[in-house]
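Student: how does the following fold in three dimensions:
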Amino acid sequence: MTDATGGTNATSGPGAQGVPGAAPGPAGAGGSGGPGGSGADDAEVARRVRVVLVDDHRMFRTGVQAEIGETARTGVEVVGEAADVDQAVTVITATRPEVVLLDVHLPGGGGVEVLRRSASLMADPDRPVRFLALSVSDAAEDVIGVIRGGARGYVTKTITGTDLVDAIFRVSEGDAVFSPRLAGFVLDAFASTDAPPVDEDLDRLTQREREVLRLIARGYAYKEIAKQLFISVKTVESHVSAVLRKLQLSNRHELTRWATARRLV
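Tutor: Numbers count the residues shown, from 1 in each chain. Modelled structure (predicted):
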């Protein structure tokens, strides 16, 4: 587990100043001495994990920050935030957190792209950056995609603040953490050494289009999808049109049959 000195140096080291999305240093999160407040000896400072939040919804980031970011109480120090792939890579590289809370669907290529561009940071033997996916999606392809990309775990946004803090610490220590239902997806996917067949039709769709596709196939109305994904009804309509065009389907009924045949619902 990373000690408090390593965390403090990473925040104040080269590149941390002036980076968009980077949070203030430890003094703004309970003082330089950590939760104990003494600052006397590293061994006396309560355990702490430095975290970056990556999600394209500002209000969600604010909510997570309020829930887990009271460092003296939780031990979690939020050192930066990002709303898209480019911001995420910049902030993660500059702050070098122990854990990144990563949404699956992001502008610029999604969580998988953040993982791809952070491969060297994850592989650092001395100070590895570990990723915990935190997403509204519970789709098997999303879970498996980010785990294959290098994430250490995947939890959904229904998780409680207490459980999320626990998951963050476990991931920082090298454990793999999953919401109970999602663990089965990973076990099934990696039970065989044979790679699953590539579905070229499905690969034409973006992560967000797949998410909309799955909800349409489950019978959700456009307004319900918009509310669940925190997007507008017009955006939902645009995604549905794109899905129908890419899959060469005529209507949502054909789309539902297509998704059901591939067990996406």
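
Student: surely Val155 is in a helix?
Tutor: No: Val155: not assigned to a helix; according to DSSP: H, G, I helix; E, B strand; the rest coil it is strand.

Student: I figured it hits Val177, correct?
Tutor: Yes: here Val155 reaches Val177: they are 6.7 Å apart, a contact under C-beta atoms under 8 Å. Any C-beta I mention is one placed from the backbone N, CA and C, and that applies to glycine too.

Student: common neighbours of those two, please.
Tutor: Common contacts of Val155 and Val177 (C-beta atoms under 8 Å, 6 or more residues apart in numbering): Leu132, Ala167.

Student: element containing His239, please.
Tutor: helix 233-247 (DSSP states H and E).

Student: nope, Asp138 is what I meant
Tutor: Using DSSP H and E, no helix or strand contains Asp138.

Student: what average pLDDT does stretch 152-172 get?
Tutor: Averaged over stretch 152-172, pLDDT sits at 93.

Student: got the end-to-end distance for that stretch?
Tutor: End-to-end span of stretch 152-172 (C-alpha to C-alpha, to the nearest Å): 9 Å.

Student: start the count at 691, not 1, going forward
Tutor: Okay, using 691 as the starting number, the last item reads as stretch 842-862.

Student: so how far is it from its chain's centroid?
Tutor: On the basis of C-alpha atoms, centre = their mean, to the nearest Å, stretch 842-862 sits 11 Å off its chain's mean C-alpha point.

Student: surely Leu743 meets Val768?
Tutor: Yes: with contacts counted by C-beta under 8 Å, Leu743 reaches Val768, the gap being 6.1 Å.

Student: with just CA atoms, put the helix or strand hosting Ile837 into CSV.
Tutor: Following DSSP H and E, one finds Ile837 within helix 830-839. Output in CSV follows, covering the C-alpha atoms of helix 830-839 (Å, rounded to 0.1, in the frame of the first residue of the first chain):
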residue,chain,number,x,y,z
ALA,A,830,-21.0,-7.9,-20.3
GLU,A,831,-19.2,-6.4,-23.2
ASP,A,832,-18.4,-3.2,-21.3
VAL,A,833,-17.2,-5.1,-18.3
ILE,A,834,-15.0,-7.5,-20.3
GLY,A,835,-13.7,-4.7,-22.5
VAL,A,836,-12.2,-2.6,-19.7
ILE,A,837,-10.9,-5.6,-17.8
ARG,A,838,-9.1,-6.7,-20.9
GLY,A,839,-7.8,-3.2,-21.2
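
Student: just checking, what packs against it?
Tutor: Applying 3 or more C-beta pairs under 8 Å, 6 or more residues apart in numbering; DSSP states H and E, one finds that helix 830-839 contacts helix 800-807, strand 820-825, strand 843-846, helix 870-880, helix 897-907.

Student: most tightly packed of the ones you listed?
Tutor: strand 820-825 (a mean of 26; mean count of other C-beta atoms under 10 Å).

Student: let me see the backbone angles for the residue nearest the centre of the chain.
Tutor: In the chain, the C-alpha nearest the mean C-alpha coordinate belongs to Leu792, at 1.7 Å (C-alpha atoms, centre = their mean). Backbone geometry at Leu792, expressed as degrees, to the nearest 10, gives phi -120, psi 120.

Student: thinking again about what came up before, for the helix holding His929, what is the average pLDDT?
Tutor: 91.
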